[in-house]
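Engineer: Take a look and give me a structure for this.
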Amino acid sequence: MTQPIQMQSDRALSAGEKIQLTDPKGRMHTIVLAPGEVFHTHKGLIPHEDIIGRPEGIVVTNTGGVDFQVFRPLYEDFVLSMPRGAAVVYPKDAGLIVTLGDIFPGARVVEAGVGSGALSIALLRAVGPTGRVHSFELREEFAHIAGGNIADFFDGRPPNWDVTVGDLADQLPQAHPDGTVDRIVLDMLTPWTTLEAVTRALTPGGVVIAYVATVPQLSRFVEALRASGSFSEPQSMESMVRGWHVDGLAVRPDHRMIAHTGFLVIARRMAPGVAPLEKKRRPQGSAASPEDVEAWTGPEVTEEAVGTRVATGKKLRRVMREAGRRLDRQFPTSKEDQ
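Structural biologist: Next comes the predicted model:
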């Protein structure tokens, strides 16, 4: 008789696993279980031995009488608490990228702008062990931080993940022959500058999806896709998430919400030599003017100019050290593997 596959939730919590402790006020603490270790708070202690060997969903009480729920951290919990050098792609946007970008098991995916690794993790989970993700990142320090975070999440560096430090427009043609990439995700300042390389790399029917922060970036990229003549009519959108307070008959929207984080632009690669169908009714107005194009492609375009938040200087060095410590502590052989 075939034995049922044991899912992660069926396994007892073991040494070396990351778990999440949540107190009655909703404060969360992520720790790595280790024999003999103790979790300290200002209101009491919890020996790791009280958790190891037990299932998820238990409640443990510290020496001060405070209860904590115990679960393995979810994707959202991990990415919002991990060390970051660049702003992460929020889970609400990563979910749309994976689903609307149709990131499927076995897909060959290219990502430009690895940031802190949050989207890379979602892409790697979606393609599965038979797929492959190749990330391109301009800044070496971001690639280093992302590598530590990704290895931390997967308990080791995934064998189907590659990272290249360099410009996608220059490096992509060298890394992937024409028509061999299924999906390309662009999380970068000027995605329109990569369209020539993206067009060549994508297989017909493949998807390009860009994540941009501002309206001018959105407009510029959409017009560049249309002007290229190689992609279907782009779809543009943003997502906003508002939680609700539910307590008996006291039901109302939360006062705070995760509103604008970025715009998504999605288009599909046409077959070579085939022109896309144009919309019958185009909006009033013209395409971007030469002045607009220069404003968004000139040397003055910087992360600060469009309000992109990145860690700099002392904070960036601290985050790199933290990512490196987490990697070295949990995966001491990882440096030899890289």
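Engineer: Please count neighbours and contacts with C-alpha atoms only from this point.
Structural biologist: Fine.
Engineer: neighbouring contacts of the longest helix anywhere in the chain?
Structural biologist: Longest helix in the chain by number of residues (criterion: DSSP state H): helix 313-330. Residues outside helix 313-330 that contact it (Cα atoms under 8 Å, 6 or more residues apart in numbering): 16, 83-85, 141, 144-145, 148-149, 151-152, 155, 334-335.
Engineer: Just these: which are in strands?
Structural biologist: Judged by DSSP state E, strands contain none of the contacts of helix 313-330.
Engineer: Make JSON lines from those residues and add distance to Gly115, pLDDT and neighbour count to it.
Structural biologist: Formatted as JSON lines, the contacts of helix 313-330 follow (distance: Cα to Cα, whole Å; pLDDT from 0 to 100; neighbours: other Cα atoms under 10 Å):
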{"residue": "Gly16", "distance to Gly115": "26", "pLDDT": "89", "neighbour count": "14"}
{"residue": "Pro83", "distance to Gly115": "11", "pLDDT": "81", "neighbour count": "24"}
{"residue": "Arg84", "distance to Gly115": "8", "pLDDT": "79", "neighbour count": "26"}
{"residue": "Gly85", "distance to Gly115": "7", "pLDDT": "74", "neighbour count": "26"}
{"residue": "Glu141", "distance to Gly115": "9", "pLDDT": "92", "neighbour count": "18"}
{"residue": "His144", "distance to Gly115": "10", "pLDDT": "93", "neighbour count": "22"}
{"residue": "Ile145", "distance to Gly115": "8", "pLDDT": "92", "neighbour count": "27"}
{"residue": "Gly148", "distance to Gly115": "12", "pLDDT": "93", "neighbour count": "27"}
{"residue": "Asn149", "distance to Gly115": "11", "pLDDT": "93", "neighbour count": "28"}
{"residue": "Ala151", "distance to Gly115": "15", "pLDDT": "93", "neighbour count": "20"}
{"residue": "Asp152", "distance to Gly115": "15", "pLDDT": "90", "neighbour count": "21"}
{"residue": "Asp155", "distance to Gly115": "20", "pLDDT": "87", "neighbour count": "15"}
{"residue": "Ser334", "distance to Gly115": "20", "pLDDT": "46", "neighbour count": "14"}
{"residue": "Lys335", "distance to Gly115": "20", "pLDDT": "45", "neighbour count": "10"}
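Engineer: what ranges of the stretch 1-150 of the chain fall below the confidence cut-off?
Structural biologist: Within the stretch 1-150 of the chain, the segments meeting pLDDT under 70 span 1-10.
Engineer: Just the strands from it, written as ranges.
Structural biologist: Per DSSP state E, counting those that start in this stretch, the stretch 1-150 of the chain carries strands over the ranges 18-22, 28-32, 38-41, 44-47, 58-61, 67-71, 108-112, 132-137.
Engineer: same deal with the stretch 201-338 of the chain?
Structural biologist: For the stretch 201-338 of the chain, the strands defined by DSSP E, counting those that start in this stretch occupy 202-212, 235-237, 244-247, 250-253, 263-268.
Engineer: could I get the ones you listed as CSV with mean neighbour count, mean pLDDT and distance to Trp192?
Structural biologist: Shown next, in CSV, are the strands of the stretch 201-338 of the chain (neighbours: other Cα atoms under 10 Å; pLDDT from 0 to 100; distance: least, Cα to Cα, whole Å):
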stretch, mean neighbour count, mean pLDDT, distance to Trp192
strand 202-212, 23, 97, 9
strand 235-237, 13, 96, 15
strand 244-247, 10, 93, 38
strand 250-253, 10, 95, 38
strand 263-268, 22, 98, 12
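Engineer: Out of those, which gets nearest to Ile103?
Structural biologist: Closest approach to Ile103 among the strands of the stretch 201-338 of the chain (Cα to Cα): strand 202-212, 9.1 Å.
Engineer: relative to strand 108-112, how tilted is that closest one?
Structural biologist: Here the directions of strand 202-212 and strand 108-112 differ by 30 degrees (axes from the mean of the first three to the mean of the last three Cα atoms, to 10 degrees).
Engineer: Relative to strand 202-212, what are the paired strands and their orientations?
Structural biologist: strand 181-186 (parallel), strand 263-268 (antiparallel) (DSSP bridges).
Engineer: May I see those strands organised as a markdown table, with distance to Arg108 added?
Structural biologist: Formatted as a markdown table, these follow (distance: least, Cα to Cα, whole Å):
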| stretch | distance to Arg108 |
| --- | --- |
| strand 181-186 | 5 |
| strand 263-268 | 15 |
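Engineer: mind checking which of these is nearest Arg220?
Structural biologist: That would be strand 263-268 among those, by Cα to Cα, at 11.0 Å.
Engineer: quick one, domains of the chain?
Structural biologist: What automatic domain parsing lists as the domains of the chain is 8-73, 77-272+287-297.
Engineer: Give me whichever of those domains is most buried.
Structural biologist: domain 77-272+287-297 (a mean of 18; mean count of other Cα atoms under 10 Å).
Engineer: what separates that one from the chain centre, distance-wise?
Structural biologist: Relative to its chain's centre, domain 77-272+287-297 lies at 8 Å (Cα atoms, centre = their mean, to the nearest Å).
Engineer: Was I right to think Pro177 contacts Ala201?
Structural biologist: Yes: assessed by Cα atoms under 8 Å, Pro177 is found in contact with Ala201 at 6.4 Å.
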